[in-house]
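# Build the 3D model from these lines:
(one chain, ligands or ions: 1)
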Amino acid sequence: MKWKEQILTLKAYQPGRTTDEVKKAYGLQDVVKLASNENPFGSSERVTKSIREYAESFAIYPDGYTTSLRQELASFLNVSEKQLIFGNGSDEIILMLSRAMLEPGKNTIMPTPSFPQYRHNAIVEGAEIREVELVNGAHDLDKMAQAIDENTAIVWLCSPNNPTGVHITDVQLRGFLDRVPEGVLVVLDEAYYEYVTASDYYDALEIIKEYKNVIVLRTFSKVYGLAAFRVGYGIADESLIAQLDPVREPFNVNSVGQVAAAAALSDQSFIEQCRTANKEGLEQFYAFCRENNLAFYPSEANFILINFNCDSNELFEYLMSKGYIVRSGAALGIPGTVRVTVGSKEQNEGVIEAMKSFLAETVKR
Ligand SMILES: Cc1ncc(COP(=O)(O)O)c(C=O)c1O
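Residues are numbered from 1 along each chain as shown. So this is what the prediction gives:
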């Protein structure tokens, strides 16, 4: 069969082990997943209520224009409805952008390590990938700008960056965008935007007014706690959205997800509480790192990358045996580290205890 050449060696996404699998494997009663940056507090009670009251027939296709959610989100963000595009998760918008723009002969620039789907989709489309190493967990925007040439179609920025949690500042972003030709799309992936508290962070909605070649990606999967529903969105100039929209599948956002996302959006006090709890949780990890002389990046997201300077997979397995699933830095391209999602206060205490006993045991050896 005539598969694209590059598909032949491409690996499918490897999901982490589920809590049930880990319970069985280690004979544990309780397992806490701190591996996928999900919200440990779940979602707003309004979401559960909206789903219980959901009365549409399941035989009917979803609203292909995502009308109600679109109206609510446009008014919340103070943008026009035509400035929004919805996806089956922001993952799908990354796919749509790649499908719309990338092909052999074009190139795309991305930080590394960062969110792997930029690279994955670029491979599928056969575009040349130009990866620019992070410096101290941050984008090297100067090198990224230098990598642009007449065949560059997309530059990916991830702020705060997954897996380091480091954000791009307003000054850095504007300095970079001023160097990007108008004909190059800049994707500003802000999956963790709602967690950010840094005062030097940019205002993405101002940025898209000034730079018509920027699309901002956000999601209901993280702080809104709706990862199971798969709802993400892009915000950009109307003309950019109009050009991208034909690539979208007709009914890409499911009906229940649309209802759940609108209910979640309406409860901003829940978001505020989660943001505060997350900051407190990060402080728990910072204190642990300082006490144990472990390097880390101060994070603007709901996860932290900690350098244990050890075999990441060994630590990963050890924590799993204690009932905590994290992400091994080996899998993320930063050996020696683990990435931990900030959980509830108790969950953080628990995983920190497990990390302490790992350190104690490795010192003994
Ligand atoms: C940086 C980043 N972008 C995008 C996504 C995709 O999110 P979703 O497809 O659930 O909206 C994630 C999920 O982990 C992420 O970390």
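
# ok, and does stretch 294-301 reach over to the ligand?
No. Applying C-beta under 6 Å from any ligand atom, one finds that stretch 294-301 is not in contact with the ligand, the shortest distance being 8.3 Å. The way it works is simple: take the backbone N, C-alpha and C, and place the C-beta from them, glycine included.

# Which positions within that stretch qualify as buried?
Neighbour counts over stretch 294-301 (16 or more other C-beta atoms under 10 Å) mark 294, 296, 297, 299, 300, 301 as buried.

# And the furthest pair within these?
Longest distance between any two of these is 19.1 Å, between 294 and 300; criterion C-beta to C-beta.

# Show me which residues of the protein sit near the ligand.
With the criterion set to C-beta under 6 Å from any ligand atom, the chain comes near the ligand through 37, 89-91, 115, 158, 162, 189, 191, 219, 221, 227, 232.

# I'd like to know which of these are part of strands.
Cross-referencing the residues of the chain next to the ligand against strands under DSSP state E gives 158, 189, 219, 232.

# so, if you compare the buried residues of stretch 294-301, which one comes nearest to residue 166?
Minimum distance to residue 166 across the buried residues of stretch 294-301 is 5.3 Å, recorded for residue 297 (C-beta to C-beta).

# and the closest one, backbone torsions?
Main-chain torsions, residue 297, degrees, to the nearest 10: phi -100, psi 130.

# I'd say it and residue 304 touch.
Yes. Between residue 297 and residue 304 there is a contact at 7.4 Å, judged by C-beta atoms under 8 Å.

# Give me the common contacts of these two.
The contact sets of residue 297 and residue 304 overlap at residue 165 (C-beta atoms under 8 Å, 6 or more residues apart in numbering).

# Could you report the neighbour count for the residue of the chain found nearest the ligand?
The nearest approach of the chain to the ligand comes at residue 89, 2.6 Å away (C-beta to the nearest ligand atom). If you count neighbours by other C-beta atoms under 10 Å, residue 89 ends up with 24.

# For residue 5, which residues are in contact?
For residue 5, the contact set (C-beta under 8 Å, 6+ apart) comprises residue 126.

# residues contacting the residue positioned nearest the centre of the chain?
Centrality entry for the chain: nearest residue to the mean C-alpha point is residue 191, 4.2 Å, by C-alpha atoms, centre = their mean. Residue 191 makes contacts with 90, 115, 158, 162, 217, 218, 219, 221, 222, 232, as judged by C-beta under 8 Å, 6+ apart.

# Would you confirm that the fourth one contacts residue 115?
Yes. Counting by C-beta under 8 Å, a contact exists between residue 162 and residue 115, whose distance comes to 5.0 Å.

# now the helices for this protein?
Taking DSSP state H as the test, the helices found in the chain are 19-26, 45-52, 67-77, 90-101, 117-125, 141-146, 170-177, 204-210, 238-244, 255-265, 268-291, 312-321, 329-332, 345-364.

# Those: which one's closest to residue 133?
Using C-beta to C-beta, the helices of the chain put helix 141-146 closest to residue 133, at 7.8 Å.
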